Structure formats: C-alpha cells, structure tokens
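Participant: here are the coordinates; sequence isn't available:
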C-alpha cells in the first residue's frame, strides 16, 4: 500500500505564484521590481516542487486537504509521479518564459505589461493546481480557473482580432467543460461519491458503472469536455488564440493550457476509470482513433500554413493527440510514452514559439515564405529552431525521440499496426512542415538575392535569445539524461 505524507508543500507551490500578484500590482510603475517579483515567485515555486522529488521517488504520495465541500468530497492536493512530472515542467518553464516575456514586451513596447504579468502568475497557479489535484472536483475547479485566467492574455492586444480570438477561446473552453465535463463529473459523484472522487490506480469508477454504452459516453464526455487537449472537432480555438503575444502562445502551447488538457485526460483514464478496468470495457479504442484522425488531419493542415505561428499551432494539435493516443491504448509502455511526451513536447514546442517571436521582434517577419536567408542574420535563433524541430519530430539527439520511441513500442506491443502506421506517417509529415523553415533560413538557391545578405547579424535582444537557447539545450539534455522523468513515469506504470 502506498504511504501517504500530510504536507502543505503542494499548497505553497501554488500560492508562490498567486501571492506574487499583490507585489506585481504594487510595483506596477517600478519595472525592475515588478519583474524581480515574477522571477522570485518562479524560483520559489520550482524550489517547492523540487523539494517533493525525494519523497515521491521513494514511492510516497504527498497530500493535503484544503476545504471540505461535502462530507465525502474535499478540495484536496495529492502529488504522485504524474503530478510531479507535470509540476516540474510547468514550474521550470515558467522561469524561462518569464525572462523571454520581459525581453519580448520591452522590445515591442507592449502596453499593459503589469496586467500581463498578473494573469501570467494566476495562470501558473491554476496550472499547478491541476497538476497536484487530488480528486476530480479539484481538477475541474482549477481547470476552469485556468480558462478564465488565460483569457486576458489571449485578448492582450485588445483589438478586433484579439477580441474575436478571445470569444472563440472562451466559447470552446467553457462551453465544452460546462456542457460535457461537468455533467460527467456530476454522474461520477452520483455513482461514486463515497470514494471522494479521489484518483487511484484502480480507478474510483471501477465496479461502480456498467460497461458498454454508458462507459463510452462517459469517457467521450470527459475527452471532449477537457477541450484544452485540442482534439478535433473541438480544436479551432487553438489556432485562433495565436492573436496573443508570442510569450502567451508559448505558455498556451508548451506549458499551461494544452498540457493541462491532456493531463486531465490522462488522469481520467488512469485515476477515474483505471487502466485495468478500461481494458475490460473495450471503449478506449474509440478515443485512440479520434486521436489518430486528429494527428493526421492537423499535420496536413500544418503543411498549408504560411504563418509560422499558425503552422506551429496545428503542429501542437497533432502532438497533443499523440499523448491521448498513447494513453488510450491502455498499454503500459504507450502510457509511459504519453507521460514523457508532456515534458518532451513542452521543451521542443516552447523553443519553436520563442524562436518565432524572436524572428518577429528582430525582423517583423511572421511568414515562412519571408524567411529566405534569415539564418544568416539570426544563426543562433535558427539553430535553436532546428533543435526544437528535431525534438517535435522525434529525432535524436533530442528528448522527443525518447517519448516517441516509447509510444511506438507501446503501439506495437498493443498489436495496433494501423495506429503504428499513423505514428510513422505523421512523423514524416512533421518533417515536411517543420524543416522547410530551417532550409529556407540557411540554404538560399544560387542566384537568389536574400534580403538578409547585408547588414550583419541581427538577433533579438538577449532576454529573448537566452531563453530559447536554454530550452533548446534542454531538448538535448532530456535525450541524454531522461532518468528523472522516466523514474516518475515508472511510479505510475511499473515499466522500467
């Protein structure tokens, strides 16, 4: 039986971001102090998360109860291997993204920077709340908090395009969570309230619901209700959110929003139903094929996008579907690959978005067709883009290879040859839409006069370039030393 430790550490990790809001507002006219508070909060959050690693690796679960909603169901934190993995990703990348945000916002002289950093902090608090949620109700509440906290970031520019993107953003995310996930949650409460809706390896619904149609409807309600995961047809909010500043895009696509979506779906599969119980129901394969359709379709759409951020947005939709496909196979190796891909894709995709922002800051360019020769002017940025692209594609020496290798092995072990073909074809499509920008940047055909041949190097400000170099290095480091993340997934799957 897993040993539980009562500690307030998960709460402090969440509050380190939330409490930063007050001094950020107080120092709104003191730029240096305001930004200093942001970094201090990030360091504190990461410190709290790191302090929980030894106990979790030793097989313990950290718990704390915040509030008793009903006699059976509390607001509760519970930190296990999966939650800690996601918490590490979110807290470490927050620091990097904060530095990038400072450089980006200063370079473009963005308005309302204090408001930006306030909601940025609240968003990370909500993300950590999801990561450490101990039961389904806590997960749902922090999920909704995140939707509301990120809306001001998406609409930051406050122009017509931003307002339109913001409306679509809230309509999709709140519409699906209230229309699908909330009824599913209520159904779970009716069926299994005595369990406290607490996540467990066996699944708190095991033995509490019938199989067949009932289980299929419930799992689809959860899968589409947590639409931050970007599964088709509830995906178009994600490309629409590209109206936001690039630091927000990086936050949405690598850390906070989309990873929360797939994380919630993993929790439903592993903690609400339980993998062994799902194997007896024979309904998860439906979700696997929805994910497969999303992978191929989004990759084909990405090929047609000239706007670099939109190309990366459709790439994200496909990469999230990899994660859902893996967990829906109910195979320990594939589930492990899904968990690993949360971190590996985060490092690669945040690098790509930071590079896109750096290109825009330095040159004003945002279309792939405009980037001929840009590698001659911005060699550091485009080298980092290349590394991030390799990670998203899943090629060595980057972390993306590790997670996709586990997904491929798990799919083969599950005997799903057709789905294995989907993974292979989609990887080829990844190459087709991610490497052309690199080719255009560095290899200019003979006789073509590139706009960037003259004028020497013109990298973005150092506060933009340093973070993307750090995340690109992280992509390689996660290939060379993935041990910590693998050990955290082993706690959930038992696969070495």
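Facilitator: Yep, it's here. Since we're looking at a predicted model, the values are computed, not measured. Numbering: from 1, shown residues only.
Participant: just give the strands next to the top strand by length along the chain in its sheet, each with its orientation.
Facilitator: Using DSSP state E to define each element, the chain has its longest strand at strand 61-68. Sheet partners assigned to strand 61-68 using DSSP bridges are listed as strand 4-6 (parallel), strand 74-79 (antiparallel).
Participant: would you single out the least confident of these?
Facilitator: Mean pLDDT values for the strands paired with strand 61-68 show the minimum at strand 4-6, a mean of 90.
Participant: hang on, the earlier thing: any chance of the strands paired with strand 61-68 in TSV, plus mean neighbour count and distance to residue 324?
Facilitator: Just so you know, the C-beta spots here come from the backbone N, C-alpha and C atoms, and that holds for glycine as well. TSV is the format used below for these (neighbours: other CB atoms under 10 Å; distance: least, CB to CB, whole Å):
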stretch	mean neighbour count	distance to residue 324
strand 4-6	11	29
strand 74-79	22	23
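Participant: dump the ones you listed to TSV, plus distance to residue 17.
Facilitator: Output for those, formatted as TSV (distance: least, CB to CB, whole Å):
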stretch	distance to residue 17
strand 4-6	22
strand 74-79	14
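Participant: tally up the residues packed near the nearest residue to residue 115 once chain neighbours are set aside, please.
Facilitator: The shortest distance from residue 115 to any residue other than its chain neighbours is 6.6 Å, reached at residue 152 (CB to CB, 6 or more residues apart in numbering). Residue 152: 20 surrounding residues under other CB atoms under 10 Å.
Participant: okay, angle between the helix or strand containing residue 38 and strand 74-79 too, please.
Facilitator: Assigned by DSSP states H and E, residue 38 belongs to helix 31-51. With axes from the mean of the first three to the mean of the last three CA atoms, to 10 degrees defining the directions, helix 31-51 sits at 80 degrees from strand 74-79.
Participant: which strands or helices does whatever helix or strand comes next after helix 31-51 pack on?
Facilitator: Using DSSP H and E, the helix or strand that follows helix 31-51 in sequence is helix 53-57. Applying 3 or more CB pairs under 8 Å, 6 or more residues apart in numbering; DSSP states H and E, we find helix 53-57 packed against helix 81-107, helix 483-493.
Participant: helix 53-57 - what's its average pLDDT?
Facilitator: Rounded mean pLDDT across helix 53-57 is 94.
Participant: residue ranges with poor pLDDT in this structure?
Facilitator: For the chain, the stretches with pLDDT under 70 are 1, 104-112, 156-159, 240-255, 444-456, 494-496.
Participant: report the central residue of the protein.
Facilitator: The centre of the chain sits closest to residue 259, judged by CA atoms, centre = their mean, with a distance of 2.6 Å.
Participant: wait, isn't the residue nearest to residue 115 in contact with residue 119?
Facilitator: Yes: between residue 152 and residue 119 there is a contact under CB atoms under 8 Å: 4.7 Å.
Participant: what is in contact with these two at once?
Facilitator: Common contacts of residue 152 and residue 119 (CB atoms under 8 Å, 6 or more residues apart in numbering): none found.
Participant: excluding residues flanking it in the chain, which one is nearest residue 407?
Facilitator: For residue 407, the closest residue by CB to CB, 6+ apart turns out to be residue 337, at 3.6 Å.
Participant: show me what contacts that neighbour?
Facilitator: Residues near residue 337 by CB under 8 Å, 6+ apart: 326, 403-410.
Participant: again, 7 Å this time
Facilitator: Contact partners of residue 337, counting by CB atoms under 7 Å, 6 or more residues apart in numbering, are 326, 403-404, 406-407, 410.
Participant: and what of residue 389?
Facilitator: So residue 389 contacts 352, 434-435, 438 (CB under 7 Å, 6+ apart).
Participant: buried stuff in the host helix or strand of it?
Facilitator: In this structure, residue 389 sits in helix 379-393 according to DSSP H and E. By 16 or more other CB atoms under 10 Å, the buried positions in helix 379-393 come out as 380-393.
Participant: can you name the next helix or strand after that helix?
Facilitator: With elements assigned by DSSP H and E, the helix or strand that comes after helix 379-393 is helix 399-413.
Participant: against which helices or strands is that following helix packed?
Facilitator: Applying 3 or more CB pairs under 7 Å, 6 or more residues apart in numbering; DSSP states H and E, one finds that helix 399-413 makes contact with helix 308-328, helix 332-363, helix 379-393, helix 417-442, helix 462-480.
Participant: ok, which of these comes nearest residue 189?
Facilitator: Among the helices and strands packed on helix 399-413, the nearest to residue 189 by CB to CB is helix 308-328 (23.3 Å).
Participant: and that closest one, how far out from the chain's middle?
Facilitator: Centroid displacement of helix 308-328 relative to its chain, using CA atoms, centre = their mean, to the nearest Å, is 10 Å.
Participant: and it, what does it pack onto?
Facilitator: Using 3+ CB pairs under 7 Å, 6+ apart: helix 308-328 touches helix 237-240, helix 257-267, helix 284-303, helix 332-363, helix 399-413, helix 417-442.
Participant: could these be laid out in TSV, adding distance to residue 143?
Facilitator: As requested, the helices and strands packed on helix 308-328 are exported to TSV (distance: least, CB to CB, whole Å):
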stretch	distance to residue 143
helix 237-240	15
helix 257-267	6
helix 284-303	18
helix 332-363	16
helix 399-413	24
helix 417-442	27
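Participant: how many other residues sit next to residue 190?
Facilitator: Around residue 190 there are 9 other residues, counting by other CB under 10 Å.
Participant: distance of it from residue 400?
Facilitator: Using CB to CB, to the nearest Å, one obtains 41 Å as the distance from residue 190 to residue 400.
Participant: cool, residue 331 as well?
Facilitator: From residue 331 to residue 400 the distance is 20 Å (CB to CB).
Participant: who has more neighbours, the two?
Facilitator: residue 400 (31 against 26).
Participant: residue 346 is in contact with that one, correct?
Facilitator: No: proximity of residue 400 to residue 346 does not meet the contact threshold set by CB atoms under 7 Å, at 10.3 Å.
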